[in-house]
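Asks: Sequence first, then the predicted structure:
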Amino acid sequence: MSVHLFGIRHHGPGCARSLLQALQALQPDCILIEGPPECDELIAFAADPALQPPAALLVYLPASPERAVFYPFAQFSPEWQAMRFATGNRIKVSFCDMPQSHRMAMADAADMAEAAEAEATPSAEEDPETASLHSDPLQWLAGAAGFSDTETWWDHLVEQRSDSLELFAAIEEMMTVVRTEIAPAPNRLEQQREAYMRSMIRQAEKQGHQRIAVVCGAYHVPALATMPSPKSDAELLKGLPKVKLAATWTPWSYGRLAFRSGYGAGVDAPGWYQHLWQRPEQASLYWLTDVAMLLRKHDLDASSAHVIEASRLADTLAAMRERPRAGLAELQEAVRAVFCYDSDTPLRLIREALLINDRLGQVPDSVPTLPLSQDVASQQKRLRMAVRADVTELDLDLRQPAHLEKSVLLHRLALLGIGWGRATGARGKSGTFHEVWRLAWEPEFALRLIEANAWGATLEAAATGRALQQATDAQTLPQLTALIEQVLLADLPRAIASLMRRIEDVAALTPDLGFMLGALPPLANVMRYGSVRGTDTAALGHVVQGLVTRASIALPFGVRGMADEPAEALVGQLIAADQAIRLLQQDDYLAAWFGALEQVASNEMSHPLIGGRCTRILFEQGKWDVEQTARMLSLRCSHASEPLAAANWLEGFLRGSGALLLHNDALWQLIDRWMAGLGAETFVELLPLLRRTFGAFELPERQQLAGRASAAAQGRGGAGSGQPAAMAGIDPARAMRILPILGRILGHPETSHGE
């Protein structure tokens, strides 16, 4: 009877290759793998070709799906290869780590986080160097071997090796030194985990197995090599609480295996490790070929000569550094020098597409799935909404119940961050009753559905839970009003009441004028969609009334003495709020609102940009006639006013459309006289602002305005003169002297000869 310990890195191609060689040589009759025993029955799916890694074992609490743990595996993960070897050779295999049913029940999340923080905090007596050593003991070994980081050191030491039958003995010796002389003593949870692993080894021995292979993290090997008494381990495991859990397989991605995703056991470049696993001897060459193909796909220069030169450079760098073969660091330096011409931009593309290589795994239909995924799949099937990767268009008439259900499904998924559909314009149909979507299912949506299980087991429950969490996190009124619009479109009645109360609380404490104005458009949409979708929004009435009243009171005072930058932001909110208030069609709202606009427009202390826009609104809505509007324009654009203030007022008055000037002679003449009377220096100073104002008009409007301005200039040139005003006072004889030079410049021979 013998026990063989194989210390591995959880996602290492070199470890996986060495482990396969060792298992084939050993031919064990029992394999124990570090992992959750709750998933023992799921190991059999590893033999199914339809289960394509990267995939993860998911262990969760059915009553609270947000309490879940993922155990991801790639094709090059040693544990995955051990499962494949065991299932392919009919060898007994099971997981031997401490069950998650105990770990989840031991303490609530807050206590566990507090304990983990206390255990990770260095003691007061430790100096910074010792604290750093304890936090990453392998860093000291990497530095002693001449490497700047642990990742590169482990990659060269282990992952690129191909003849590694003695590897595990070396790992055991190295980790023994680490645990006895460098690393701090393990915390109680680690001690309990290792005690449970030892108990599983003893259990396998009692069952009569002669050759037991234990596949575990390298750090645990010394603790499993020296077996203490069964009694001491039993004391550590005595009285552990327990909860009932569920488990399943789920697709995973390489992006989630990377360090940058926050995964503690992640690797830096899973895409590169895939090459090391598939083609260990020629990984560099194949990877450089992929680089060339990627760059050529994006219309960047890359040829076979680049591949050859980069390969030579990487090998040379490895030789200079006394390394057996080129690793990822050497390849990246070679790619930067040869392919990227020392530019970082192509390197970012290479990192995303090749180093991370966000590959998505597949899980067979026979695997039990999570409740939320089942609910979404059943709704897609019932509503006959095919899940396709290519883009399809979906035109919905919300007056039809089946179409309304499809709209609700898409909006609920969007609320969970799953953008299966993107809403587009309704192409001239009745907008409130029609929605047009472009559908395209992306692989990562399956991952987001799994994450969304934390909010509920059904799509409605998950979207409701997510909306309530967003409402709790929201700090401003516009955030909440935008959220209530999403909730209404997603038909989440259980979330509406809580959101209403939250909006009332925040609205009552909101002093910011911009927040009040910004909150009105979403609320107006909610009131409008209420009738279309059959949702009762009467409770919003007093919230909207309070906001309109407070905004109408605050507006005349809030725009006095305002700086240009906040005024620029406020004018857009003012326009949107005006449209929203008019959409509500409430006489008392309109009376209060237009009264506030009149106060702003009539007060010289109001910011001119805001004052100009208020004047425009009052004129368009028939509250001010042409005479009153012309009088205000004449006052604000008189030469007694500051030119910059007049230009700002004019921009606010004209922003968005020049139709006022085309169809109203009185306003045109006032503005024309003001601009014609500007001095040369003042005109040059105001030209960028005026250009921005008139440049925002539509092309036909600009052409008509230019024609009208040209005609006006001709008229100012003098009766019967036929010359524009700009040419008045010019001496024709002197002007003729420059014609030959202009002719040469413009390429007109006749003019160059003075004709």
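Replies: Nice, I can see it.
Asks: Name the SS class of the closest residue in space to Met385 that isn't next to it in sequence, please.
Replies: By the measure of C-beta to C-beta, 6 or more residues apart in numbering, the closest residue to Met385 outside its immediate chain neighbours is Lys406, 6.3 Å from it. Glycine gets a C-beta too; all of them are placed from N, C-alpha and C. For Lys406, the reduced secondary structure class is helix; criterion used: DSSP: H, G, I helix; E, B strand; the rest coil.
Asks: Lys406: neighbour count?
Replies: Other residues near Lys406 number 23, with proximity taken as other C-beta atoms under 10 Å.
Asks: so it makes contact with Arg384?
Replies: No: under the contact definition of C-beta atoms under 8 Å, Lys406 does not touch Arg384, with a separation of 9.1 Å.
Asks: which neighbours do those two share?
Replies: In terms of C-beta atoms under 8 Å, 6 or more residues apart in numbering, Lys406 and Arg384 are not both contacted by any residue.
Asks: before we move on, back to that, contacting residues for the residue nearest to Met385?
Replies: Taking C-beta under 8 Å, 6+ apart as the criterion, Lys406 is in contact with Leu383, Met385, Leu394, Leu396.
Asks: One more: Ala471?
Replies: Leu480, Leu483, Ala495, Ser498, Leu499, Arg502.
Asks: Over to the last one: give its phi and psi.
Replies: The phi and psi values for Arg502, taken as degrees, to the nearest 10, are phi -60, psi -40.
Asks: Quick check, it in contact with Leu477.
Replies: No: distance between Arg502 and Leu477: 9.9 Å, which falls outside the contact criterion (C-beta under 8 Å).
Asks: More neighbours: which of these two?
Replies: Relative neighbour count places Leu477 above the other of Arg502 and Leu477, with 26 against 18, counting by other C-beta under 10 Å.
Asks: From His411, how far off is the more buried one?
Replies: Leu477 sits 22 Å away from His411 when distances are taken as C-beta to C-beta, to the nearest Å.
Asks: Mind telling me what element the residue nearest to Leu167 when sequence neighbours are not counted is part of?
Replies: Here the nearest residue to Leu167 in space, its sequence neighbours aside, is Ser18; by C-beta to C-beta, 6+ apart that works out to 4.7 Å. Assignment of secondary structure by DSSP states H and E places Ser18 within helix 13-26.
Asks: Other residues contacting the helix or strand following that helix?
Replies: Counting by DSSP H and E, the next helix or strand C-terminal to helix 13-26 is strand 30-33. Counting by C-beta under 8 Å, 6+ apart, the neighbours of strand 30-33 from elsewhere in the structure are 23, 79, 82-83, 85-86, 91-96, 197, 200-201, 204, 207, 209, 211-216.
Asks: Okay, helices next: where are they in the stretch 651-755 of the chain?
Replies: Listed in chain order, the helices of the stretch 651-755 of the chain (DSSP state H, counting those that start in this stretch) span residues 659-663, 665-676, 680-695, 699-716, 732-736, 739-746, 749-752.
Asks: Looks like Val291 contacts Leu300 (just checking).
Replies: No: the pair Val291 and Leu300 does not pass the contact test of C-beta under 8 Å, sitting 10.2 Å apart.
Asks: which residues are in contact with both of those two?
Replies: The contact lists of Val291 and Leu300 share Phe339, where a contact means C-beta under 8 Å, 6+ apart.
Asks: quick one, which of the two is more surrounded?
Replies: Applying other C-beta under 10 Å to Val291 and Leu300 shows that Val291 carries more neighbours, namely 26 against 14.
Asks: Next, the angle from the strand or helix carrying the more buried one to helix 13-26.
Replies: Counting by DSSP H and E, the secondary-structure element that holds Val291 is helix 283-297. What separates the directions of helix 283-297 and helix 13-26 is an angle of 140 degrees, with axes from the mean of the first three to the mean of the last three C-alpha atoms, to 10 degrees.
Asks: for the record, mean pLDDT for the helix holding Ser18?
Replies: Summarised as a single mean, pLDDT over helix 13-26 is 89.
Asks: name the helices or strands packed onto it?
Replies: Helix 13-26 sits against strand 2-8, helix 78-88, helix 167-177, strand 211-217, helix 270-278, with contacts defined as 3 or more C-beta pairs under 8 Å, 6 or more residues apart in numbering; DSSP states H and E.
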